[in-house]
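Engineer: how would this look folded up:
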Amino acid sequence: MSETNDLGNPLEARRGLVFVFMAGVLWSTVGLGIRMIDEATVWQILLYRSISLSLFLATVIYLRSGGNLFKVVKAAGLPGCIAGLALVGAYSGGIYGIQSTSVANAMLLFASAPFMAAILGWIFLREIVRKATWVAILFAILGIGIMVQDKTEGGVALLGNLAALGSAFGFAVFTVALRWGRSGDMLPAVFLSGIFAIFITSSICLLSGLSFQISVNDTSISMGMGVFQVGAGLVLYTLGSKTLPAAELTLLSLAEVLLGPLWVYLFLNEVATLNTLLGGLVLLLAIAGNAISGARRKPPPITTP
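Structural biologist: Numbers count the residues shown, from 1 in each chain. Predicted coordinates for the structure are as follows:
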C-alpha cells in the first residue's frame, strides 16, 4: 500500500526548504558563539548549553507527544542512547575544535560527517555505498588532507583539526545509530545527549577542579546556544526534512558550512588560511557532487507494510 507524503506538494516543499535553510543558519552561528565566550572551558560551555538544550527539547517533545515525554524517550532504546553518547563526543570535539583552530577549518571538517556515516553504515549495517560516493569520499579525504597539513597555525591548530574530525565522527555515529534503530525522529536522541552531557561534564568539572560558576556573559551565550543554535535549529530541520528529498537536504546543509566562517569574518574579522580555502573547496565540491549524482537516481517507491 502506497504512503502519501509531502514531497509532491510544492507549498510544503517550499516551506520545508525555508525551515531547513533557517536551521542551517542557526547551526552556522556556533563558531561566532564560541568566539564570544570570554573564559569558559569546553566542559563549562557544554554543561550550560546542555542544560538549556535539555529543558528546551523536553518541552518540545512533551508538547508534540501529548505529555508522553518519558514514553517517547524510552522508545529510543539502545540506539537512541548510543546516538546520544556519540553526540556528547561530537559536541565536545566541536567546541574544542573551534576554540583551537579557525572557524572555517572546523566547520569544513564537520562537513565530512556524511562520508564517515556512509563508511560506518557500510561496515556495520551492510548498507550499499554508491561508486559515486566512494569517489566523493576520496576527494573529501584529499580536501581534509590539504586543510590539516597547514603548518601556519602550529600544534594547537592541529589538535583542533583532529578534534573537529572527531566531532564529525561523532555525528556520523549518531546518524548510523539512528538508522540502526530505524528512528525517523532525532529529538529524543538529542534530548538524551543533553542529559548525558550534563552528567559527564559535571563529573569532569568536579574531578578537574573546574568551577560551576562562570561569568554572566559566558553563561548567557552558552545557554542561548542550547536553545537557539542547537535546539531551535533541530526543530526546524525536523519539520523541514519531512518535505525535502535527501539530495536537497545535503545541499542545503552546505549553508551551515559556508555561513559559519562568514559570521566570524563579518563580526570578528577572522580570515581563513589559503589551505583551508583550497581544501574546503575540494570537500564542498565532493559533497555537492555526491548529492547531485544521488538526485539523478530514481528513488524507490515508499510503501508501508
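Engineer: I'd say residue 90 and residue 171 touch.
Structural biologist: Yes: proximity of residue 90 to residue 171 meets the contact threshold set by CB atoms under 8 Å, at 4.8 Å. Bear in mind the C-beta positions are built from the backbone N, C-alpha and C, glycine included.
Engineer: got the contact list for residue 118?
Structural biologist: By CB atoms under 8 Å, 6 or more residues apart in numbering, the contact list for residue 118 reads 127, 129, 133, 137.
Engineer: ok, now residue 106?
Structural biologist: Contacts of residue 106 (CB under 8 Å, 6+ apart): 31, 94, 97, 98, 160, 161, 164, 167, 260.
Engineer: in which helix or strand would I find it?
Structural biologist: Using DSSP states H and E, residue 106 sits within helix 103-110.
Engineer: and the residue positioned nearest the centre of the chain, which of the three is it?
Structural biologist: Centrality entry for the chain: nearest residue to the mean C-alpha point is residue 171, 6.0 Å, by CA atoms, centre = their mean. Recorded secondary structure, residue 171: helix (DSSP: H, G, I helix; E, B strand; the rest coil).
Engineer: How much space separates it from residue 84?
Structural biologist: 12 Å (CB to CB, to the nearest Å).
Engineer: contacting residues around the helix or strand hosting residue 198?
Structural biologist: Secondary structure from DSSP H and E places residue 198 in helix 187-208. Contact partners of helix 187-208, identified using CB under 8 Å, 6+ apart, comprise 43-44, 46-47, 50-51, 53-54, 57-58, 60-61, 64, 72-73, 75-76, 79-81, 83-88, 91, 174, 177-178, 183, 210-212, 226, 230, 234-235, 238.
Engineer: can you tell me which of the contacts of residue 118 are in strands?
Structural biologist: If you go by DSSP state E, the contacts of residue 118 have nothing in strands.
Engineer: Quick one: these as TSV, columns for neighbour count and pLDDT too.
Structural biologist: Written out in TSV, the entries for those read as follows (neighbours: other CB atoms under 10 Å; pLDDT from 0 to 100):
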residue	neighbour count	pLDDT
127	14	91
129	15	91
133	22	92
137	19	94
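Engineer: Residue 87: neighbour count?
Structural biologist: 27 (other CB atoms under 10 Å).
Engineer: On the pLDDT front, check the residue nearest to it when sequence neighbours are not counted for me.
Structural biologist: Closest residue to residue 87 apart from its sequence neighbours, by CB to CB, 6 or more residues apart in numbering: residue 193 at 3.6 Å. Model confidence at residue 193, given as pLDDT, is 96.
Engineer: related to what we said a few turns ago, and the next helix or strand past the helix holding residue 106?
Structural biologist: Remark: after helix 103-110, the chain's next helix or strand is helix 113-124, criterion DSSP H and E.
Engineer: which parts of that next one are buried?
Structural biologist: Of all the residues in helix 113-124, those buried under the rule 16 or more other CB atoms under 10 Å are 113, 114, 115, 116, 117, 118, 119, 120, 121.
Engineer: from the chain's centre, how far out does it sit?
Structural biologist: Using CA atoms, centre = their mean, to the nearest Å, the distance from the centre of helix 113-124 to the centre of the chain it belongs to is 15 Å.
Engineer: Quick one: mean pLDDT for that helix?
Structural biologist: 93.
Engineer: again, but for stretch 158-166
Structural biologist: Averaged across stretch 158-166, pLDDT comes to 93.
Engineer: again, but for stretch 139-151
Structural biologist: Mean pLDDT, stretch 139-151: 86.
Engineer: What are the contacting residues of that stretch?
Structural biologist: Outside stretch 139-151, the residues touching it (CB under 8 Å, 6+ apart) are 105, 108-109, 112, 115, 157-158, 161-162, 165, 273, 275-276, 278-287, 289.
Engineer: go with 7 Å
Structural biologist: The contact list for stretch 139-151 (CB atoms under 7 Å, 6 or more residues apart in numbering) reads 105, 108-109, 112, 115, 158, 161, 273, 275-276, 278-280, 282-283, 285-286.
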